[in-house]
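Engineer: structure for this input, please:
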Amino acid sequence: MKNSYLFLSMLLFAACGSNEQKTDDTKDTTAYQADTLVNKTNDAANLDTTDVSFFQNAAYGGMIEVEASNKALTFTEHPGIKTFADMMVKDHSGANQKLKSLAEKKGYVLPAALPLSKVELIDKMNSLKDEGRNEYYLQLMVNEHQKAIDIFALASRSKDAEINQFATSLLPTLKHHYMEVKKLDSTYRLPKVNQGDDPIKISDRTKKP
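Structural biologist: Reported below is the predicted structural model:
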C-alpha cells in the first residue's frame, strides 16, 4: 500500500514539473513573439516621415500604373498604346514587388488597395469609348509619371541608404516611361485638344451614350 502511495506521489510530482516546464516554454515563446512585434514597430517608427510618405505614395502610384494599363490592354487597338501599356505592367509590377520587399524590411506595411479617389481615376475609362479611352489613359499616365518622378527624386535624397539607393535606381526607368508616354500623347491626343469642353480635351463624341 505504501508503495502505491509512493508511486502516485512520484506521478503527481512529475506532472507538476511538466506543467511548469510547459508554462515556462509558453512564456518564452510569447516573449519572443512580442519582441519580434516590438522590433517591427520600432523599425517603422524609426523611419523619417518623408520615407513613410514615399512608401505610401510610391505604392499608390505603382498600383495605378499597373491597373490602368491592364484595363487599357482590354480595349485599345492602337499598337503604340498596347506596347506602352505592356511595358507599364511588366516594369511596374516588378518595381512594386521590390518596393514591398524594401518596405517590409523597414517594418512598414504597404497599402494593399487603392483608396476610392484613385480607383475612380481608373474607372473613369469605363464611361468613355474608343479614342476617348485611349486619350484619357495617355493623359493619366503623363500625370502619374510626373508625380512619380517627383516622389522618387525626393526619396533619392533620403537619409536611409537603402531607400536612397532604391529610388535612385528606378528614376531612369520612370523618366524613360515619361518620355515614351509624352511622345504618344503628342502624336495621339494633343492634335485634338480643341475638340470639346472636357477638362482633358476629350471630345464629347468619345463618351458612351
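Engineer: wait, doesn't Asp51 sit right on Ser158?
Structural biologist: Yes: between Asp51 and Ser158 there is a contact at 5.7 Å, judged by Cβ atoms under 8 Å. Backbone N, C-alpha and C define where each C-beta goes, glycine included.
Engineer: which of the two has more neighbours?
Structural biologist: Under the neighbour definition other Cβ atoms under 10 Å, Asp51 and Ser158 were set side by side, and Asp51 has more, 22 against 19.
Engineer: tell me the spacing between that one and Asn57.
Structural biologist: Look at Asp51 and Asn57: by Cβ to Cβ, to the nearest Å, they are 11 Å apart.
Engineer: what does Ala167 give?
Structural biologist: In this structure, Ala167 and Asn57 are 11 Å apart, going by Cβ to Cβ.
Engineer: neighbour count for the two, which is higher?
Structural biologist: Taking other Cβ under 10 Å, Ala167 and Asn57 do not tie; Ala167 has more neighbours (24 against 17).
Engineer: where do the helices of this structure begin and end?
Structural biologist: With DSSP state H, the ranges of helices along the chain come out as 2-45, 49-75, 79-105, 116-123, 131-155, 161-188.
Engineer: let's have those helices in a markdown table, adding mean pLDDT.
Structural biologist: Conversion of those to a markdown table gives the following (pLDDT from 0 to 100):
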| stretch | mean pLDDT |
| --- | --- |
| helix 2-45 | 45 |
| helix 49-75 | 97 |
| helix 79-105 | 97 |
| helix 116-123 | 96 |
| helix 131-155 | 96 |
| helix 161-188 | 96 |
